[in-house]
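Just to be clear, the model below is a prediction. Sequence and coordinates:
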Amino acid sequence: MRPTVLLLLLVAAAPARGDAGLVLDGIPDEPLWSQAQVFDRFQVTVPYTLGAPTHPTRALLRALPEGLAVAFVAEQPPGTPRVRPRAARDSGINADRVNFAVDFDGDGRIAYNFMVTLGRGIADEVITNENIYSTDWDGVWQWGLHEADDHWSVEMLIPWSVASMRESDAPTRTIGVYFDRVVASRNERSAAAPVSYQRPRFVSEFTRIEVDNHRNRGLLSVVPYVSAQHDLVGDAGEVRAGADLFWKPSGNFQLSATLNPDFGQVEADDLVVDFSAIEVFFSDKRPFFTENQGIFDLRTPDSGRLVYTRRFGGGSDLDGEAARIDAAVKLNGSVAGIDYGTLAVLEADHADDLGRAFLVQRLKGEFDGVSLGWLGTFADRPFRDRQAVVNGVDVIWRPDARWLVSGQVLASRIREAGVRSDGSGAWLRAFYTPTDRFQHELELTHFDRRLDFNDVGYQRRADYNELEWTSTWRQTGFAADDWRRSVTWAVEPQLRYNDQGDRLPSALAFSRNLATRAGATWYSDLIWESGGVDDLISRGNGNVARSPRLASLYNYLESPRVGSWSWFAGLWITQEGEHGGFAVQPEGIVRWFPMDHLDFRLSFLPRWSQDWLLWQQDTLLASYRRRQNRLAFDANWYPGRRHELRLKVQWVGIDAWRPTAYRIGAGGRLVESGEPLAPFTVNRFGVQLRYRYEFAPQRELYVVYGRGGSEQLRDDDPEHGPRRGMGSLFGDALDLRDADQVLVKLRWGF
């Protein structure tokens, strides 16, 4: 089906006006603050010492008809450097900053975090599964900042319409709140309540308070866009238009819809070269698929997701090119204490490929301290004559402050070309925290070989059984003149099998994370793997036996911001291939801030491998010597509060030589076959220059130039060795030009 409507009629809706008594200048001196709730018992949570912070912080909160008014007053005398770089939204840059997180329903299921930095950068995130942050969401809220000689302060106004929440007629409502403040020069985070996102229980430990229950005033927002793109390689242009609609008539219901959504092009994915059998995961920044998406965020312990929004409008089943979406609709709300969500996506027809259809449904409720949920997904893929149904039931149990137990049962039913396949799986995870210093985790996972939730979700693998135990011990309370501030030790044994009873490499991991008083972080880990079989590398053509080996020896040191500089240095060593040859990867990242509104970042990750084992076809594998370089450069300039100019350059070069051919023999052992194989090189390069101007929230202009290309060449003389050095590869990368495009995009919300 092709879109019948490209652009919605523009509907004007007057925005809610702020309270006449609140001026968002960052100075909480209005009379309304005299009646605010006060939070001033901040304790250090990063590192997790629970001691007194270097400088006091005071937070204020008051519920207004327009939303939650929040203020921070952060003491910071001249003796403590102020780290105030400008940054793009959600950039994660290290700066002095404050965070306010709120669980609007007070039940520990979903929270929303709002951050303001001293450099006037902002971020907003959805927090699900206790401590999983997603920065893809961009809410509409207001803020102000002020600096004085001995302190700085922030005001925020978080509208009630920013998120879905349950409504009631009671005069008050219970919400969960969390405030924190980061002193960047010391890498110190202090919080009230004194809980940490680095621990298993986070959102459920927010401070519960009563606030006035103001009814949601409703929200209607229409955000049309138009984009023009010109391909300089094919000398062809394209103009697209579409719109997102968000309607929230009450607190417990929201409708979102989109017509012909743009896949983006304004956010460049990281350049990836991956030869493994596991798919690479990418985040999503399309507004429709990030707004109120938290209820659908259901994950597995191995970082799988039952809903992976990059599937929608992703590579078509016909030729792998990005599919276009005709329309999508999302409903969120609550009825009788049960939260619900429905997401439906219909793709356009593509040549001989009929458009795919996707449906996601979600229910979640709280029953006597137990969170119970169900999620179902459906995918119809006509070109493959394939339909996929997946159901998952999840539970979270918090018997007391020491325990967090969660689990999930999964079932999939796939019908392709008349053949049906049913799969199932389950996992259980239990955290036990007897004291502030000790923490234990038990994890059990079972995925049978037919479990498949990849049509709508992201699944790393099936046919998997794992038993894992982790014990963590924290050292704090060092003397005031000790250079250490905290040390965290962890030991983690892992036992793994597939469903045929084949033993996968088990592991024993040790790690140490040391935080210094100066704000640096020194991390080390050692992971040893037992023998076993690799049942993925041959893509279903037989197991490959693996000998015991060093899986990881990793050390890195990360500095705090010192003057205009910060840096990261690491070294990673592992054993690869049939004979356990060593691979070594130094890591270096340097960031320079010549001015608060200008910064540069350079990272360089070279790797040398003696025994890089790759699958070729059927039972044929090959071991190579490898040289690999990964280089990235970023420049960010913010000439004004509404202006951003960003440059992102990435290059990956691989030189693989001296191939040795192997066939899978008896017992999975690799046997040299003597078959001729060629050395090869891989060269990938990408550059994006992006200008963004923000007229107002949801009103933005983008001008983007992007260029990139990929090249993989083989040398038919296997004895010759490496045909091209890294310098030659880098020089050739600058000439790669598979894509060369200019994009102009305007979003204008009403």
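Perfect, I can see it now. Note that this is a predicted model, so its numbers are computed, not measured.

Which residue ranges of the stretch 651-750 of the chain form strands?
Secondary structure of the stretch 651-750 of the chain, counting by DSSP state E, counting those that start in this stretch: strands at 670-672, 680-696, 699-714, 739-748.

now for the shortest one, which elements pack on it?
Looking back up the chat, that one is strand 670-672. Judged by 3 or more Cβ pairs under 8 Å, 6 or more residues apart in numbering; DSSP states H and E, the packing partners of strand 670-672 are strand 643-664. For the C-beta atoms, the positions are set from N, CA and C on the backbone; glycine is no exception.

Can you give me the buried ones in the strand it packs on?
Using 16 or more other Cβ atoms under 10 Å as the test for burial, strand 643-664 gives 644-646, 648-664.

Tally up the residues packed near Gly501, please.
7 (other Cβ atoms under 10 Å).

Report the contact partners of the residue most central in space within the chain.
For the chain, the residue lying nearest the average C-alpha position, counting by Cα atoms, centre = their mean, turns out to be Ser134 (5.5 Å). Contact analysis of Ser134 by Cβ atoms under 8 Å, 6 or more residues apart in numbering lists Glu125, Val126, Ile127, Thr128, Thr290, Gln293, Gly294, Asp297.

from those residues, which has minimum pLDDT?
pLDDT across the contacts of Ser134 is lowest for Thr290, at 81.

ok, that one touching Thr135?
No - with contact defined as Cβ atoms under 8 Å, Thr290 does not reach Thr135; the gap is 9.1 Å.

quick revisit: now compare the contacts of Ser134 and name the two farthest from each other.
Spatial extent of the contacts of Ser134 (Cβ to Cβ) is set by the pair Ile127 and Thr290 at 13.9 Å.

When those two are compared, which one has more neighbours?
Legend: neighbour count by other Cβ under 10 Å for Ile127 and Thr290, higher for Ile127 (24 against 19).

any idea what that one is structurally, helix, strand or coil?
Classification of Ile127 by DSSP: H, G, I helix; E, B strand; the rest coil places it in strand.

Model confidence score at Asp732, please.
Looking at Asp732, the pLDDT reads 88.

Could you do Pro171 as well?
pLDDT, Pro171: 89.

same deal with Val562?
Looking at Val562, its pLDDT reads 87.

cool, Ala20 as well?
Turning to Ala20, the model gives it a pLDDT of 48.

For Leu232, see how far away the residue nearest to Asp231 when sequence neighbours are not counted is.
Excluding the flanking residues, the one nearest Asp231 by Cβ to Cβ, 6 or more residues apart in numbering is Gln741, at 5.5 Å. Per Cβ to Cβ, to the nearest Å, Gln741 is found 7 Å from Leu232.

who's more crowded, the two?
Neighbours per residue (other Cβ under 10 Å) separate Gln741 from Leu232, with Gln741 holding more: 19 against 13.

The more buried one bridge partners, please.
Note on Gln741: beta-bridge partners Asp231, Gly706, judged by DSSP bridges.

Verify the stated contact: Pro639 with Arg692.
No - when contacts are counted by Cβ under 8 Å, Pro639 is not listed as touching Arg692 (11.7 Å).

Turn the strands of the stretch 651-750 of the chain into JSON lines, columns for distance to Arg413.
As requested, those are exported to JSON lines (distance: least, Cβ to Cβ, whole Å):
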{"stretch": "strand 670-672", "distance to Arg413": "37"}
{"stretch": "strand 680-696", "distance to Arg413": "38"}
{"stretch": "strand 699-714", "distance to Arg413": "37"}
{"stretch": "strand 739-748", "distance to Arg413": "39"}
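
Include distance to Asp326 and mean pLDDT when you put these into JSON lines, please.
As requested, these are exported to JSON lines (distance: least, Cβ to Cβ, whole Å; pLDDT from 0 to 100):
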{"stretch": "strand 670-672", "distance to Asp326": "49", "mean pLDDT": "96"}
{"stretch": "strand 680-696", "distance to Asp326": "28", "mean pLDDT": "94"}
{"stretch": "strand 699-714", "distance to Asp326": "24", "mean pLDDT": "92"}
{"stretch": "strand 739-748", "distance to Asp326": "20", "mean pLDDT": "93"}
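
Indicate which one of the ones you listed is closest to Val329.
Of all the strands of the stretch 651-750 of the chain, strand 739-748 comes closest under Cβ to Cβ, at 19.8 Å.

neighbouring contacts of the helix or strand of the chain with the lowest mean pLDDT?
When each helix and strand of the chain is scored by mean pLDDT, DSSP states H and E, helix 287-290 comes last, with a mean of 83. Helix 287-290 is contacted from outside by 134, 136-138, 223, 244, 256-258, 261, 284, 309, 312, 328, 330, using Cβ under 8 Å, 6+ apart.

Show me the two of the residues you listed that sit farthest apart.
Ser134 and Ala257, at 21.3 Å, using Cβ to Cβ across these.

show me where the protein has helices.
287-290, 726-733 (DSSP state H).

mind checking which of those is nearest Ala63?
Comparing these against Ala63 with Cβ to Cβ, the closest turns out to be helix 287-290 (26.1 Å).

what about dumping the CA coordinates of stretch 581-596 to PDB?
Extracted as PDB, the C-alpha positions of stretch 581-596 are listed here (Å, rounded to 0.1, in the frame of the first residue of the first chain):
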ATOM      1  CA  GLY A 581      46.900 -16.600  19.000                       C
ATOM      2  CA  PHE A 582      47.000 -13.300  20.800                       C
ATOM      3  CA  ALA A 583      45.200 -10.200  19.700                       C
ATOM      4  CA  VAL A 584      46.200  -6.800  21.200                       C
ATOM      5  CA  GLN A 585      44.300  -3.600  21.100                       C
ATOM      6  CA  PRO A 586      45.500  -0.400  22.600                       C
ATOM      7  CA  GLU A 587      42.800   2.300  23.100                       C
ATOM      8  CA  GLY A 588      43.300   6.000  23.200                       C
ATOM      9  CA  ILE A 589      40.700   8.800  23.400                       C
ATOM     10  CA  VAL A 590      41.600  12.500  23.800                       C
ATOM     11  CA  ARG A 591      39.100  15.300  24.200                       C
ATOM     12  CA  TRP A 592      40.000  19.000  24.000                       C
ATOM     13  CA  PHE A 593      37.800  21.900  25.100                       C
ATOM     14  CA  PRO A 594      39.500  25.100  23.900                       C
ATOM     15  CA  MET A 595      36.300  27.000  24.700                       C
ATOM     16  CA  ASP A 596      33.100  26.100  26.400                       C
END
